[in-house]
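Novice: Have a look at this prediction, sequence included:
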Amino acid sequence: MISVDEALARVFALVSPLPVETVPLRQANGRILAAPVTALRDQPPFDASAMDGYAIHDAARPGLSLRVIGTAQAGKGFAGRVGPGEAVRIFTGAPVPEGADRVVIQEDVTAAGDRITLNPGLDEGRHIRPRGQDFRAGAEVTPRLLRPADLALLASMNIARVPVHRRPVIALIATGDELVMPGETPGPDQIITSNTFALAAMVEEAGGIARMLPIARDTEADLRMVLRLALDADLVVTIGGASVGDHDLVGRVAEAMGMDRAFYKIAMRPGKPLMAGLLQGVPMLGLPGNPVSAIVCAHLFLIPALRHLAGQPAQAPARLRAVLVSETGPAGPRRHYMRARLEPQTDGLPHITPFGLQDSSLLGVLGGADALLIRPEGDGPLPAGSVVEYHPI
Ligand SMILES: Nc1nc2c(c(=O)[nH]1)N[C@H]1C(S)=C(S)[C@@H](COP(=O)(O)OP(=O)(O)OC[C@H]3O[C@@H](n4cnc5c(N)ncnc54)[C@H](O)[C@@H]3O)O[C@H]1N2
Ligand code: MOO
């Protein structure tokens, strides 16, 4: 059995960022920008008023009386010049007219006909946003994960389309005679396929495209057929059939189809029978069938692999620190990812409590968990108050 870290390194060795495509901004959220893009204009493109008020030329002082000679509004500036004794009515976002070097807010002015008088207690602000204050034409957005604010930034740079890595297509194959789809009527010995739904949602949340294939029955012919259907995906994920039972066919069939195995079995709990390899050139992950095992393996291997395919660096999931609330027993020979609940604290590290029941079939427990408490392989019992590491889930 290899370690979790070694297994992840071998998974990363199977995948590399997908080719680049150019997409409209509306399709770019959550994608990885693949090359620098440069602003096509200054923002703001002119000195702009930050307030509603009056653009003036003279030094402002209470009692100053000025004649209003025109109006500047957002989208329609004032063509003339503001000179001594003059003011232009101006609104937020409008270009500041030539000759003006300050905007007096309208609350500080008494207006009568075409004249204004500045009130006592004027504020000090110029209320002008200088041209290019946000960015200049030619400013670069460098490759990174595009978040909603980045899309606004790119839009304001007048960039309508961006080069991003293609979204990874992940084929999900549940295996087993015991499985039916939700909504179907299960036979007396059957259960409902569940973890496929978690995996599909996790894939989509991470920016991938989940393709749920038909459930493969426990025959070599059926598994072979469904695997063949999946081979145009960027990553093939099987669920179940990974262990040592007579009906655990995934390893055997994949190898008969030419899988080049990267590893099988890791020192991890849950998730021991995880396998990975290249199936006819396509990266493949064979997840254990127990629902919690499959979902934990997806957090630790599938999602990091997906992110790397999508263009992000090959990076293990973040480990954070928390304080253990109650004493916890020894970890055992495999690294144990305990389902746990976090309690944020107003100061200091959050508190963490592992659930009493840790069986890898318990979706009810996993549903109540927001962390995987990491117990290193061979770690002894821990007293309450110990600082431990966890992955948020
Ligand atoms: N003799 C041994 N038996 C087992 C070992 C072992 O080392 N020696 N390892 C155990 C561990 S650890 C795990 S994890 C499981 C993994 O087994 P498989 O990957 O072969 O999974 P299955 O046998 O197909 O299923 C296990 C369990 O999960 C249920 N299942 C499967 N697929 C789904 C699905 N899509 N949705 C919901 N539930 C699913 C299945 O019905 C079984 O109950 O093996 C142990 N055995
Ligand atoms: O992977 Mo198994 O869940 O270790 O029980």
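Specialist: Right, received. Where do you want to start? Note that the coordinates shown come from a computational prediction; the quantities given were computed from them, not determined experimentally. Ligands and ions are numbered 1, 2, ... in the order given.
Novice: Please list the residues of the stretch 151-300 of the chain that sit near ligand 1.
Specialist: Residues of the stretch 151-300 of the chain that fall close to ligand 1, judged by C-beta under 6 Å from any ligand atom: 174, 176, 178-179, 191, 193-196, 239-245, 248, 270, 272-273, 288-291, 293. C-beta here means a position set from N, CA and C on the backbone, and glycine is covered the same way.
Novice: Which of those are buried? Put it as a PyMOL command.
Specialist: This is how PyMOL selects the buried members of those, with burial counted by 16 or more other C-beta atoms under 10 Å:
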select buried, resi 174+176+178+179+193+194+195+196+239+240+241+242+243+248+270+272+273+288+289+290+291+293
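Novice: out of the residues of the stretch 151-300 of the chain next to ligand 1, which are inside strands?
Specialist: Counting by DSSP state E, the part of those found in strands is Ala174, Leu179, Ile191, Ile239.
Novice: contacting residues for the last one?
Specialist: Contacts here follow C-beta atoms under 8 Å, 6 or more residues apart in numbering; on that basis Ile239 touches Leu172, Ile173, Ala174, Thr175, Asn195, Thr196, Leu199, Leu287, Pro288, Gly289, Ala294.
Novice: burial count for the fourth one?
Specialist: Summarising burial for Thr175: neighbours were counted as other C-beta atoms under 10 Å, giving 27.
Novice: can you tell me how far the closest residue to ligand 2 within the stretch 151-300 of the chain sits from Asn290?
Specialist: Closest residue of the stretch 151-300 of the chain to ligand 2, C-beta to the nearest ligand atom: Pro270 (2.9 Å). For Pro270, the distance to Asn290 equals 6 Å [C-beta to C-beta, to the nearest Å].
Novice: Repeat that for Leu300.
Specialist: Where Asn290 is concerned, Leu300 sits at a distance of 15 Å (C-beta to C-beta).
Novice: cool, Leu18 as well?
Specialist: Look at Leu18 and Asn290: by C-beta to C-beta, they are 30 Å apart.
Novice: Most proximal residue of the stretch 1-150 of the chain with respect to ligand 1?
Specialist: The nearest approach of the stretch 1-150 of the chain to ligand 1 comes at Met1, 10.3 Å away (C-beta to the nearest ligand atom).
Novice: That residue: neighbour count?
Specialist: Neighbour count of Met1, defined by other C-beta under 10 Å: 14.
Novice: Please look at it and Arg269 and confirm they touch.
Specialist: No - Met1 lies out of contact with Arg269 (C-beta atoms under 8 Å); the separation is 10.9 Å.
Novice: intersection of neighbour lists for these two?
Specialist: Residues touching both Met1 and Arg269 (C-beta under 8 Å, 6+ apart) are Arg334.
Novice: ranges for the helices of this structure?
Specialist: Here the chain has its helices, by DSSP state H, at 4-14, 148-156, 195-205, 220-230, 250-256, 291-297, 303-309, 363-367.
Novice: Any residues of the stretch 251-393 of the chain in contact with ligand 2? List them.
Specialist: Within the stretch 251-393 of the chain, the positions near ligand 2 by C-beta under 6 Å from any ligand atom are Arg269, Pro270, Gly271, Lys272, Pro288, Asn290, Ser293, Ser360.
Novice: would you list those residues in CSV and tack on pLDDT?
Specialist: As requested, these are exported to CSV (pLDDT from 0 to 100):
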residue, pLDDT
Arg269, 97
Pro270, 97
Gly271, 97
Lys272, 97
Pro288, 97
Asn290, 97
Ser293, 98
Ser360, 96
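Novice: ok, the residues you listed vs Val37, which is closest?
Specialist: Set against Val37, the nearest of those by C-beta to C-beta is Gly271 (40.0 Å).
Novice: Give me the phi and psi angles of that closest one.
Specialist: phi 120, psi 10 (degrees, to the nearest 10).
Novice: Buried residues, stretch 79-97. List them.
Specialist: Of all the residues in stretch 79-97, those buried under the rule 16+ other C-beta under 10 Å are Val82, Glu86, Ala87, Val88, Arg89, Ile90, Phe91, Gly93, Ala94, Pro95, Val96, Pro97.
Novice: Was I right to think Ala310 contacts Ile170?
Specialist: No - using C-beta under 8 Å, Ala310 makes no contact with Ile170, being 10.6 Å away.
Novice: Settle it for me: which of these two has more neighbours?
Specialist: When Ala310 and Ile170 are compared for neighbours, Ile170 comes out ahead with 29 against 23, by other C-beta under 10 Å.
Novice: for that one, what are its contacts?
Specialist: Val203, Gly208, Ile209, Ala210, Arg211, Ala233, Asp234, Leu235, Val237, Leu302, Leu306.
Novice: again, but for Val244
Specialist: Val244 makes contacts with Pro273, as judged by C-beta under 8 Å, 6+ apart.
Novice: Which of the residues in stretch 15-31 are classified as buried?
Specialist: Within stretch 15-31, the residues scored as buried using 16+ other C-beta under 10 Å are Val15, Pro17, Leu18, Val20, Leu25, Ala28, Gly30, Arg31.
Novice: Could you verify my assumption that the first one touches Ala305?
Specialist: Spelled out, that is Val15. Yes - here Val15 reaches Ala305: they are 5.1 Å apart, a contact under C-beta under 8 Å.
Novice: Show me how the protein divides into domains.
Specialist: For the chain, automatic domain parsing gives the domain ranges 4-18+166-309, 20-43+134-165, 48-129, 320-392.
Novice: Buried deepest among these, which one?
Specialist: Highest mean neighbour count of the domains of the chain: domain 4-18+166-309, a mean of 20 (counted as mean count of other C-beta atoms under 10 Å).
Novice: would you turn the contacts of Ile170 into JSON lines with distance to Pro62 and pLDDT?
Specialist: Compiled in JSON lines, the contacts of Ile170 are given as follows (distance: C-beta to C-beta, whole Å; pLDDT from 0 to 100):
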{"residue": "Val203", "distance to Pro62": "65", "pLDDT": "98"}
{"residue": "Gly208", "distance to Pro62": "63", "pLDDT": "98"}
{"residue": "Ile209", "distance to Pro62": "64", "pLDDT": "98"}
{"residue": "Ala210", "distance to Pro62": "66", "pLDDT": "98"}
{"residue": "Arg211", "distance to Pro62": "71", "pLDDT": "98"}
{"residue": "Ala233", "distance to Pro62": "72", "pLDDT": "98"}
{"residue": "Asp234", "distance to Pro62": "69", "pLDDT": "98"}
{"residue": "Leu235", "distance to Pro62": "70", "pLDDT": "98"}
{"residue": "Val237", "distance to Pro62": "73", "pLDDT": "98"}
{"residue": "Leu302", "distance to Pro62": "68", "pLDDT": "98"}
{"residue": "Leu306", "distance to Pro62": "64", "pLDDT": "98"}
